[in-house]
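Novice: I'll drop the sequence and a predicted model, then ask my questions.
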Amino acid sequence: MKITKICCIGAGYVGGPTMAVIAQKCPHIQVTVVDLNEQRIKDWNDPNTDNIPIYEPGLSEIVAEARGRNLFFSTEVEKAIDEAQVIFISVNTPTKTYGKGKGMAADLKYIELCARQIAKVAKQNKIVVEKSTLPVRTAEAIKSILDNTGNGVQFQILSNPEFLAEGTAVTDLLNPDRILIGGDTTPEGEEAINALVDVYANWVSKDKILTTNVWSSELSKLTANAFLAQRISSINAMSELCEKTGADVNEVAKAIGMDSRIGPKFLKASVGFGGSCFQKDILNLVYIAKSYGLNEVADYWEQVIIMNDHQKRRFSNKIVQTLYNTVADKKITFLGWAFKKDTNDTRESAAIYVADDLINEQAKISVYDPKVSRNKMLSDLDYLETRTVEANSKALSIFDNAYEACKGSHAIAILTEWDEFTTYDWQKIYDSMHKPAFLFDGRNILNAKELESIGFIYKGIGS
Ligand code: UDX
Ligand code: ADP
């Protein structure tokens, strides 16, 4: 089976970049990305590709090259489903906010809607690919919906989890460590797997394309995210101990990272991990383990989240304690709001929770982030429902210039590791602040000695 038409449902942080790269690398395949959100599609079609809705280094150039050639963004979901041989499902799967599994399980309502829509529209055999992160055995549910509500056509369900990290999505897609494709072990399943392997083989060497059964593929995605997040919680746990003992967590991370069995990556102590995946996937893993009665397994992984919540709260507590136990009416400036650098995504960003804690202490928060919009920051805070929308907009002032944001503040807190923060004129910032001028570096990106020689009281993580 030769694939010539692909449809992707969901034009978000996963669907957009992934399809742009497939289109760039496979000019013979027509790729259509559809979304219910009209504004989002309008933004993807903005004549100036610098205005596309997702910021990722290198993405706007790829969209400029492929869009209109073999890459299309559209709201015509049914037409795109009808025409495609392969349909990727890249819709959001947030943690449930209601009912059974509230706060733990993944909400599959968007996935189910997609499956029902595909079943309704499809008049020829299709391959349906799960791209969103899903609980193990979701493929079974999708298959049941497709087979029971469809028009008698055959569906093959593949699991093809996305391992790209935001901020490096384009390079991760162009040079993936591996591509994972799970499918049925029947001849039809194998044919579908091979058809998708051939798409990726246009730019990924075959030895990096792994094929497994569906459940292994689904569980591998959750496992990879759980292991990565666990490393961060482990080093963050050590950061608290370092602060008490006089050890330096950066030195500890370097020393253990040189052990080839441990390796140097994902050992940066921080204010806590954020992003749309880690917390959601671990909660999901915990929920699945509990549902099988595996309470020790569930507790083991839940501790990664408990540690992360502690790390965020510890950071806000430290600000309050250091500022003489009160931040009421003090101006505290956040540099960064995104959950990591080089993205405009803020989902589960530590900044949101630290801001919420400090506003509870009646601080006035000023924020500068190079890529996050004002509305996004406010809606992130509103989403927590801690206080009224008016109270949030009174407590949060948003600036489009870092120097202005810092002027007159009692303390600065670095929440995101944007490179530009390391190039600032810190003397100028110091001169514009109240004294003593405090700097809380939640990402350990600044030079403590230099800042202290300017006069800052500098507090990093884990030293
Ligand atoms: C993650 C996985 O890396 C990716 O493979 C998966 O597909 C989706 O989830 P993402 O959430 O985009 O990707 O970013 P990632 O680079 O993993 O960072 C997640 C969070 O951990 C960020 O808040 C980051 O700042 C934090 N982090 C990361 C640390 O605090 N310390 C580290 O050493 C690494
Ligand atoms: P991710 O990080 O997983 O890509 P996003 O929230 O960025 O998540 O993107 C998911 C996209 O899927 C959103 O733009 C949303 O509008 C879209 N979406 C959700 N359900 C459907 C659906 N049934 N049909 C089309 N698009 C959908």
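Specialist: Sure thing, it's come through. Ligands and ions are numbered 1, 2, ... in the order given.
Novice: Check which helices and strands the helix or strand of the chain with the lowest mean pLDDT is in contact with.
Specialist: None of the helices or strands of the chain scores lower by mean pLDDT, DSSP states H and E than helix 138-149, at a mean of 89. Contacts defined by 3 or more Cβ pairs under 8 Å, 6 or more residues apart in numbering; DSSP states H and E place helix 138-149 against helix 109-121, strand 126-130, strand 155-159, helix 214-245. For glycine as for every other residue, the C-beta is placed from the backbone atoms N, C-alpha and C.
Novice: Same list (these) but as TSV, adding mean neighbour count, distance to Asp177 and mean pLDDT.
Specialist: As requested, the helices and strands packed on helix 138-149 are exported to TSV (neighbours: other Cβ atoms under 10 Å; distance: least, Cβ to Cβ, whole Å; pLDDT from 0 to 100):
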stretch	mean neighbour count	distance to Asp177	mean pLDDT
helix 109-121	18	26	93
strand 126-130	25	19	96
strand 155-159	24	17	95
helix 214-245	19	10	96
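Novice: and of the ones you listed, who's closest to Leu36?
Specialist: Nearest of the helices and strands packed on helix 138-149 to Leu36, taken as Cβ to Cβ: helix 109-121 at 9.1 Å.
Novice: Kindly report the domain assignment for this protein.
Specialist: According to the TED database, the chain is divided into the following domains: 5-204, 222-270, 278-460.
Novice: Which residues of the stretch 101-250 of the chain lie near ligand 2?
Specialist: 110, 113-114, 132 (Cβ under 6 Å from any ligand atom).
Novice: Next, the angle helix 214-245 makes with the least confident helix or strand of the chain.
Specialist: Interaxial angle of helix 138-149 relative to helix 214-245 (axes from the mean of the first three to the mean of the last three Cα atoms, to 10 degrees): 140 degrees.
Novice: hmm, back to that, mind putting the helices and strands packed on helix 138-149 into CSV with distance to Pro53?
Specialist: Below are these laid out as CSV (distance: least, Cβ to Cβ, whole Å):
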stretch, distance to Pro53
helix 109-121, 18
strand 126-130, 23
strand 155-159, 27
helix 214-245, 24
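Novice: ok, now which ones touch the closest residue to ligand 2 within the stretch 351-463 of the chain?
Specialist: Distances between the stretch 351-463 of the chain and ligand 2 by Cβ to the nearest ligand atom are smallest at Lys376, namely 12.5 Å. Contacts for Lys376 (Cβ atoms under 8 Å, 6 or more residues apart in numbering) come out as 337, 344, 346.
Novice: Mind picking the one among the residues you listed that's closest to ligand 1?
Specialist: Among these, Thr346 lies closest to ligand 1 (Cβ to the nearest ligand atom), at 10.3 Å.
Novice: got a list of what the closest one touches?
Specialist: Applying Cβ under 8 Å, 6+ apart, we find Thr346 in contact with 274, 337-339, 352, 372, 376-377, 380.
Novice: out of those, which touch ligand 1?
Specialist: Under the cut-off given by Cβ under 6 Å from any ligand atom, ligand 1 has 274, 339 from the contacts of Thr346 close to it.
Novice: Most neighbours among the contacts of Thr346, which one?
Specialist: With neighbours taken as other Cβ atoms under 10 Å, the top of these is Ala338, carrying 28 neighbours.
Novice: Leaving out the residues flanking it, which one is nearest to the closest residue to ligand 1 within the stretch 351-463 of the chain?
Specialist: Residue nearest to ligand 1 within the stretch 351-463 of the chain (Cβ to the nearest ligand atom): Glu417, separated by 6.8 Å. Ranked by Cβ to Cβ, 6 or more residues apart in numbering and with sequence neighbours excluded, the top spatial neighbour of Glu417 is Arg443, at 4.0 Å.
Novice: Pretty sure that neighbour sits in a helix.
Specialist: No: under DSSP: H, G, I helix; E, B strand; the rest coil, Arg443 sits outside any helix and is assigned coil.
Novice: contact partners of stretch 32-42?
Specialist: Residues outside stretch 32-42 that contact it (Cβ under 8 Å, 6+ apart): 5-12, 15-16, 19, 44, 53, 71-77, 80-81, 83-84.
Novice: end-to-end on that stretch?
Specialist: Distance between the two ends of stretch 32-42: 14 Å, counting by Cα to Cα, to the nearest Å.
Novice: what comes up buried for it?
Specialist: Buried residues in stretch 32-42, counted by 16 or more other Cβ atoms under 10 Å: 32-35, 40-41.
Novice: Could you do stretch 58-70 as well?
Specialist: So stretch 58-70, judged by 16+ other Cβ under 10 Å, has buried residues 58-60, 62-63, 66-67, 70.
Novice: And the residues you listed, which is closest to Val136?
Specialist: Lowest distance from Val136 to the buried residues of stretch 58-70 (Cβ to Cβ) belongs to Leu59, with 30.7 Å.
Novice: so how far is Lys96 from the closest one?
Specialist: Distance, Leu59 to Lys96, using Cβ to Cβ, to the nearest Å: 31 Å.
Novice: Next: Ile332.
Specialist: Separation of Ile332 from Lys96 (Cβ to Cβ): 33 Å.
Novice: what does Val249 give?
Specialist: Val249 sits 35 Å away from Lys96, going by Cβ to Cβ.
Novice: okay, these two: which has more neighbours?
Specialist: Taking other Cβ under 10 Å, Val249 and Lys96 do not tie; Val249 has more neighbours (24 against 19).
Novice: these two touch, right, that one and Ile461?
Specialist: Yes: between Val249 and Ile461 there is a contact at 6.7 Å, judged by Cβ atoms under 8 Å.
Novice: intersection of neighbour lists for those two?
Specialist: What both Val249 and Ile461 touch, as defined by Cβ under 8 Å, 6+ apart, is the set 239, 269, 444.
Novice: can you list these in a markdown table and add distance to ligand 1?
Specialist: Formatted as a markdown table, those follow (distance: Cβ to the nearest ligand atom, whole Å):
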| residue | distance to ligand 1 |
| --- | --- |
| Ser239 | 10 |
| Ala269 | 7 |
| Asn444 | 10 |
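Novice: Pick the one among these closest to Cys406.
Specialist: Of all the shared contacts of Val249 and Ile461, Cys406 sits closest to Asn444, with 19.1 Å by Cβ to Cβ.
Novice: burial count for that closest one?
Specialist: Asn444: 21 surrounding residues under other Cβ under 10 Å.
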